[in-house]
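Participant: what would the 3D arrangement of this be:
(2 chains)
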There are 2 protein chains.
Amino acid sequence: MSTRAGVLITGTEVLSGIIADRNGPWLSERLREIGVDAAHIVIVGDRSEDMLAALRFMAAERLDLVVTSGGLGPTADDLTAEIVGRFCGREMVLDPALEERIAEILAPMLARWPGLDPETIRHSNRKQAVIPAGATVLDPVGTAPGLIVTAAQGDGPTVVVLPGPPRELKPMWEMAVRTEAFRAATAGATTYRTRILRLFGIPESAIADTLRAASDAAVDLDALEVTTCLRRGEIEIATRYEPAAEPVYDAFVDFVRGRHADTLFSEDGSTIDEQVAALLRGRTIAVAESCTGGLMAARLTERPGSSAYFKGGLVVYSNQAKVALAGVDPDVIERCGAVSTEVAEALADGAIERLDADLGVGITGIAGPGGATEGKPVGLVCFTVHERDGERITRSVNLPGGRADVRDRATVVAMHLVRRLLLGSPLPEAGAMRA
Amino acid sequence: MSTRAGVLITGTEVLSGIIADRNGPWLSERLREIGVDAAHIVIVGDRSEDMLAALRFMAAERLDLVVTSGGLGPTADDLTAEIVGRFCGREMVLDPALEERIAEILAPMLARWPGLDPETIRHSNRKQAVIPAGATVLDPVGTAPGLIVTAAQGDGPTVVVLPGPPRELKPMWEMAVRTEAFRAATAGATTYRTRILRLFGIPESAIADTLRAASDAAVDLDALEVTTCLRRGEIEIATRYEPAAEPVYDAFVDFVRGRHADTLFSEDGSTIDEQVAALLRGRTIAVAESCTGGLMAARLTERPGSSAYFKGGLVVYSNQAKVALAGVDPDVIERCGAVSTEVAEALADGAIERLDADLGVGITGIAGPGGATEGKPVGLVCFTVHERDGERITRSVNLPGGRADVRDRATVVAMHLVRRLLLGSPLPEAGAMRA
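Facilitator: The predicted model follows:
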């Protein structure tokens, strides 16, 4: 019998879409890594009845573990500790040592906001020291302590109570898994492996077809849990399996590689960003971008250490900026239009020259909703990736979706063109593909 | 008795965190607008038992409506239509008109990917035309039709079945709400109002204190459903109430304004981005940024029509780029360090000059995890906003969190500094605050 868990995300602001939940999927991944299946992620508002109903649903599903996030703050709508106490049949008690600890944590914050009344703040945070009797306390990373609460009677799930802010939740999760109470609840979990393949440049239905063909070719897909999804224009095939099924997975990968060698760009879980970073080792890159408005530069600087290869970027939104900053010939803009492969080429060259880089990326397109002209629809984006005195790739692509989609998707295409150029040139070692 | 709904998001790739769900919160907001309370958002993997358990939980909670997203694709792990059919006690039948419609939709896609075998594709998509008997069909925006399915017997919830990709789900939701079946399920929903206040530059506990004080001052908070949350460094106070409680809400806003006039920047739900866009009318802006790596330019170009005020950006990651592109004096970098208020000022000036803009924004900081030096910790960011021949604001701020947080939060601070400068100068009309 596998160990199963539920994740309960609380907060009216999450339920109503004011803030996006990032904890549910994160917790689900962490659970999976330690061999615990997340059966459900449930999001509820700050209402006792809804929170209790969700906990009881998870108990009825006979889950071994429930992990909650949120509702541990100082305000009255933060109810989680109390509800979990009620669910586990435990009285609420003030933990004086914890109250002291919270006071200690608040001291520097009070110093930072001198206008606040210390007594008021302490009062509004005392509530955070009232916890279900017998709970294991996780030391706060912010001001809210975490809790691990077991059922007072019977065999209900063990509940791990964590705060909502990801910066607090993540380190406190690491604390939680090391506690005695957590280990007791997850004893006997099976370990699975998860592997991801990534493809770029084919439709999802081609993968559905490949899965059927693999099955026909006697690859035992029943031993693998395969899910495919389209994400930012790339297809991800995530497969989970018990360690004994490793040879089946290897046969599956061989089969996919045989059919999709040209579009399969990652077999080891590495992302296009990791691959580009690894391939850029020893070279430098610069960008001149229009419709992406800075997103391509932002993407290339997302990773720590990117200053080793990223020289800089020109966000040349206006034609005037294209000419003045990137050195695009105004006659070319006049003749071919600002959105044209000719301007993309000039932008890539301008990036190389003005930023003294080895590689230049030029991007110009129509993100919409306005700006379409005869023959140039919203979503048309022209790209050039050029290596100084070397290879050059230029492409013109029609990207689907709204403004945000087109801008984001354009950075994906540009990353793949950079990868292609870097792989096509003689410099990179084969080993550089493994980030 | 209020009308209540549950949202069921399906997909192992969403449950496991491979892709982030954006549909749950979006649907919850749409439901709220039409007076339907979302009680829960439940995320399950592509497993029949878990999907059925979640549907039965929602039926047991006596919800009037369930909205599902995902699991309508062509692959075998797409199970939603069948599970919903079973839940509603309805047989699955092939709808020949729908099959024809899907073939029609696939035709241009087949033309775009000439390598694919038409028969295979049609086969893998035929499954999408097999639906619960008696269901209302919503015309596909992608290739997957939506469904509205009512219980064959008894008073179970009506289920609205929508595809997972937001680009398909959103327009199909609009179709769904106009159907007879949907109206019948939501007849009698109360209409609520939702208003949002936004503050910047105070801690969340100060708001908790204000809520208590408002209650003490006889503002009837029981008539309002107030939730507060910290979001990218701003505090949002979202309040929902029945129309009759409008005067209570007005009194509440007066109370908050009285205590937090200096930090309350939005009373009409407008975001800082909307306000800055409105305030920039008739003026132009440019950016020279280092640690934010293009994110500030990307943020200023997020909105359609931003080319009216955004001239361009310089992403000056290296010192060499700061000097060459933004005209920063190398002696200033040498003397004060690349992360200094002096360099932030030079960057703002460089942006104005090189991009011929009215306003310049300069940002330089240490996003981390590396790069900290004596007296300059990770998270230190220096900002200057300067109006040509006019006012100048320079600030140095320590931002919390990891690399991504620091980069994102820095754009928030910069947006607020731009707003302050634009409001402080004599040009803007008071009305420009309403975006």
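Participant: my read is that residue A:34 contacts residue A:189, right?
Facilitator: Yes. Residue A:34 is in contact with residue A:189 according to Cβ atoms under 8 Å; the separation is 6.1 Å. Heads up, the C-betas are built off the backbone N, CA and C, glycines and all.
Participant: more neighbours, those two?
Facilitator: Set residue A:34 next to residue A:189 and count neighbours by other Cβ atoms under 10 Å in any protein chain shown: residue A:189 wins out with 18 against 14.
Participant: point out where chain A drops to low pLDDT.
Facilitator: In the prediction, chain A carries residues with pLDDT under 70 at positions A:1, A:425-435.
Participant: cutoff 80 now
Facilitator: For chain A, residues meeting the criterion pLDDT under 80 lie at A:1-2, A:16-19, A:33, A:74-77, A:108-125, A:188-192, A:229-230, A:425-435.
Participant: and the residue of chain A most remote from its centre, what helix or strand is that in?
Facilitator: For chain A, the C-alpha lying farthest from the average C-alpha position belongs to residue A:331; by Cα atoms, centre = their mean, that distance is 42.8 Å. Counting by DSSP states H and E, the element that carries residue A:331 is helix A:330-336.
Participant: again with residue A:161
Facilitator: Element membership for residue A:161 (DSSP H and E) is strand A:158-162.
Participant: what does that strand rub up against?
Facilitator: Contacting residues not belonging to strand A:158-162 are listed as A:23, A:55, A:64-69, A:72, A:80-81, A:84, A:87-88, A:138, A:146-151, A:168-169, A:172-173, A:176, A:181-182, A:184-185 [Cβ atoms under 8 Å, 6 or more residues apart in numbering or on different chains].
Participant: can you do 7 Å?
Facilitator: Outside strand A:158-162, the residues within contact range by Cβ atoms under 7 Å, 6 or more residues apart in numbering or on different chains are A:65-69, A:72, A:80-81, A:84, A:88, A:146-150, A:169, A:172-173, A:176, A:181-182, A:185.
Participant: contacts for the next helix or strand after it?
Facilitator: Moving toward the C-terminus from strand A:158-162, the next helix or strand (DSSP H and E) is helix A:166-177. Surrounding helix A:166-177, the residues in contact under the criterion Cβ under 7 Å, 6+ apart are A:22-23, A:27, A:30, A:34, A:69, A:138-139, A:141-142, A:144, A:146, A:148, A:160, A:162-163, A:182, B:401.
Participant: please compute how far the host helix or strand of residue A:418 lies from its chain's middle.
Facilitator: Element membership of residue A:418, judged by DSSP H and E, is helix A:403-424. Helix A:403-424 has its C-alpha centroid displaced from the chain centroid by 18 Å (Cα atoms, centre = their mean, to the nearest Å).
Participant: list the buried residues for it?
Facilitator: Neighbour-count burial for helix A:403-424, counted by 16 or more other Cβ atoms under 10 Å in any protein chain shown, picks out A:403, A:405-422.
Participant: list the helices and strands that helix packs on?
Facilitator: Using 3 or more Cβ pairs under 7 Å, 6 or more residues apart in numbering or on different chains; DSSP states H and E as the contact definition, the elements that helix A:403-424 packs against are helix A:272-279, helix A:295-300, strand A:359-365, strand A:380-387, strand A:392-398.
Participant: can you put these in CSV and add distance to chain B and mean neighbour count?
Facilitator: CSV is the format used below for the helices and strands packed on helix A:403-424 (distance: least, Cβ to the nearest Cβ, whole Å; neighbours: other Cβ atoms under 10 Å in any protein chain shown):
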stretch, distance to chain B, mean neighbour count
helix A:272-279, 13, 20
helix A:295-300, 3, 28
strand A:359-365, 12, 29
strand A:380-387, 14, 25
strand A:392-398, 10, 15
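Participant: got the ones you listed as a markdown table, with distance to residue A:93 columns?
Facilitator: Listed next are these as a markdown table, based on distance: least, Cβ to Cβ, whole Å:
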| stretch | distance to residue A:93 |
| --- | --- |
| helix A:272-279 | 48 |
| helix A:295-300 | 49 |
| strand A:359-365 | 60 |
| strand A:380-387 | 61 |
| strand A:392-398 | 62 |
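Participant: and of the ones you listed, who's closest to residue B:214?
Facilitator: Shortest distance between residue B:214 and the helices and strands packed on helix A:403-424, using Cβ to Cβ, is found for helix A:295-300: 40.4 Å.
Participant: for that closest one, packing partners?
Facilitator: For helix A:295-300, the contact count by 3+ Cβ pairs under 7 Å, 6+ apart identifies strand A:285-289, helix A:403-424, helix B:295-300 as packing neighbours.
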